[in-house]
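1. Okay, sequence plus prediction incoming.
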Amino acid sequence: MSDNKIHVVCPHCGAVNRIPREKLGAGPKCGKCGHALFTGQPVDLDGASFQKMITRNDIPVVVDFWAPWCGPCKMMAPAFAQATAQLEPRARLAKVNTEVEQGIAAQYGIRSIPTLMVFRNGQVVAQQPGAMGPADIVRWVSQFV
């Protein structure tokens with residue numbers, strides 16, 4: 001962007017914030033609700049927030065498609081959280097429960113879980129099935145930030 005400001009969707013209220021790129025690492029807060037835009041934790045997405053999160057962020061959005069009954073998903077959850085703390089604010093990491101959001105899972109052809117997808121401007125730019133450790137997640141996502 002010519003004015004060096006990027007759009008970041010608030011994980012709390014869904015407002016789209018314009019943040020100077022150089023201020024991303026300075027703990028920016030939402031202009032609408034006042035909460036931190038980056039918490040170091042993955043954001044849980046539902047049908048209402050998913051589309052806005054993947055289309056309105058100017059940073060890549062990494063989505064973990066998972067289910068509560070999935071053993072590998074449960075094993076990967078702490079690794080995904082650790083990776084979030086390392087990758088923010090260069091990327092937004094989020095989770096979609098495929099049991100609750102079956103329509104989203106079907107839309108993106110999720111056949112095995114966990115599956116990670118990287119979105120830019122609403123488009124899938126990368127997909128990785130299977131559980132990974134925190135270092136592997138960071139290394140994989142870093143290609144796209």
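-> Yes, it's here. What you see is a predicted model; the values in this text were computed from it and never measured.

2. For the rest of this, base every contact and every neighbour count on C-alpha atoms.
-> OK.

3. where along this structure do the strands fall?
-> Secondary structure of the chain by DSSP state E: the strands cover 5-9, 16-20, 43-45, 61-66, 92-97, 115-120, 123-129.

4. Including mean pLDDT, mean neighbour count and distance to residue 108, could the ones you listed go into JSON lines?
-> JSON lines is the format used below for the strands of the chain (pLDDT from 0 to 100; neighbours: other Cα atoms under 10 Å; distance: least, Cα to Cα, whole Å):
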{"stretch": "strand 5-9", "mean pLDDT": "96", "mean neighbour count": "20", "distance to residue 108": "21"}
{"stretch": "strand 16-20", "mean pLDDT": "96", "mean neighbour count": "17", "distance to residue 108": "24"}
{"stretch": "strand 43-45", "mean pLDDT": "97", "mean neighbour count": "18", "distance to residue 108": "15"}
{"stretch": "strand 61-66", "mean pLDDT": "98", "mean neighbour count": "25", "distance to residue 108": "10"}
{"stretch": "strand 92-97", "mean pLDDT": "98", "mean neighbour count": "23", "distance to residue 108": "12"}
{"stretch": "strand 115-120", "mean pLDDT": "98", "mean neighbour count": "22", "distance to residue 108": "9"}
{"stretch": "strand 123-129", "mean pLDDT": "97", "mean neighbour count": "14", "distance to residue 108": "9"}
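
5. Same list (those) but as CSV, adding distance to residue 31.
-> Converted to CSV, those look like this (distance: least, Cα to Cα, whole Å):
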stretch, distance to residue 31
strand 5-9, 11
strand 16-20, 7
strand 43-45, 18
strand 61-66, 21
strand 92-97, 18
strand 115-120, 23
strand 123-129, 27
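
6. Which among the ones you listed is found nearest to residue 105?
-> strand 61-66 (7.5 Å; Cα to Cα).

7. That closest one vs strand 115-120, what angle?
-> Taking axes from the mean of the first three to the mean of the last three Cα atoms, to 10 degrees, strand 61-66 and strand 115-120 form an angle of 160 degrees between their directions.

8. quick check: longest helix of the protein.
-> Counting by DSSP state H, the longest helix found in the chain is helix 71-87.
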